[in-house]
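>>> next comes the sequence, and after it the predicted model I'd like to discuss.
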Amino acid sequence: MLLIVDIYKIAHKIAREMTGASEVVFRRIKPEMYEAMDVEMTTTPMAKGSSSAVFENRKGNIVSFFLHPKSSFDVVKEFVGKDLSSLPKIFQAKEFKIERAHEKPAYMYAIEMEKLQPLDIEEQWYFHEFVNDMSIYDWYLEPGGLNTPKSEKKKQEFMNDPFGREMVDLIERLTKEGLVHRDLHRENIAWTREGKLKAIDLQSIDKKMGDPIAQTIKSQIG
């Protein structure tokens, strides 16, 4: 038993040093949580985050552990086993209670989803150039919002490019499915095998309120 605990601690230390992923999350992922999500305890995380840790499990699916927000977890768990066009397929979503001495219990959330293809370098640059550095809200929702020859030319480039059209399509699909993504940046979108963009980082998903397109585009792309 002591040997297993030692391996567990060493694996966590190596993973933290290699990725810089949230130590707070690592410290709270227990062996039974790994087992419940079919993740090898010694697996190095694929991605780092201030409040999450992302792994590939034994099935080749992606597992994201995170501490908050519960609201996003509650939304996402409704979609387990369903096939939404804007999100990865979600296979399971589990909540784990964390007992803490002299404090109220905390909760760890875990979501298992399909593995998608991340953007390549050129696509990441394109996203930065045409989405972050321009106002897709003004261009897409408010025709004439950037009514200059230069912006109109850039807008035309964006809408004529397959990637640009896919970005607009993704936003429309999120909206139709009643969702808002609070952190839609280039690391948080990926390709399906069929060549469609989907929003990942499911802890940033919420249900729409008010004008969902405006919320998704104006507030969440950053």
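Arrived safely.

>>> pLDDT below threshold where in the chain?
1-22, 48-50, 101, 129-152, 154-155, 209-222 (pLDDT under 70).

>>> quote the end-to-end distance of stretch 99-115.
When the termini of stretch 99-115 are compared using C-alpha to C-alpha, to the nearest Å, they are 31 Å apart.

>>> in it, which residues are buried?
Met108, Tyr109, Ala110, Ile111, Glu112, Met113, Glu114, Lys115 (16 or more other C-beta atoms under 10 Å). The way it works is simple: take the backbone N, C-alpha and C, and place the C-beta from them, glycine included.

>>> the second one against Ser71, yeah?
No. At 10.7 Å, Tyr109 and Ser71 do not qualify as touching, with contact defined as C-beta atoms under 8 Å.

>>> ok, back up a step: in strands, which of the buried residues of stretch 99-115 fall?
Among these, the members falling in strands are Met108, Tyr109, Ala110, Ile111, Glu112, Met113 (criterion: DSSP state E).

>>> now render these as a markdown table, adding distance to His185.
Output for those, formatted as a markdown table (distance: C-beta to C-beta, whole Å):
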| residue | distance to His185 |
| --- | --- |
| Met108 | 24 |
| Tyr109 | 21 |
| Ala110 | 23 |
| Ile111 | 19 |
| Glu112 | 23 |
| Met113 | 18 |
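
>>> just the buried residues of stretch 99-115 now: which is nearest Lys89?
Glu114 (4.3 Å; C-beta to C-beta).

>>> surely the closest one and Leu84 touch.
No. Glu114 is not in contact with Leu84 according to C-beta under 8 Å; the separation is 11.3 Å.

>>> helices along the chain, start to end?
For the chain, the helices defined by DSSP state H occupy 2-19, 23-28, 31-36, 70-77, 121-127, 136, 149-160, 162-176, 212-214.

>>> got the buried residues for the second one?
Yep, that's helix 23-28 we're talking about. Val25, Phe26, Arg28.

>>> on contacts alone, who are the packing partners of it?
helix 2-19, strand 52-56, strand 106-113 (3 or more C-beta pairs under 8 Å, 6 or more residues apart in numbering; DSSP states H and E).
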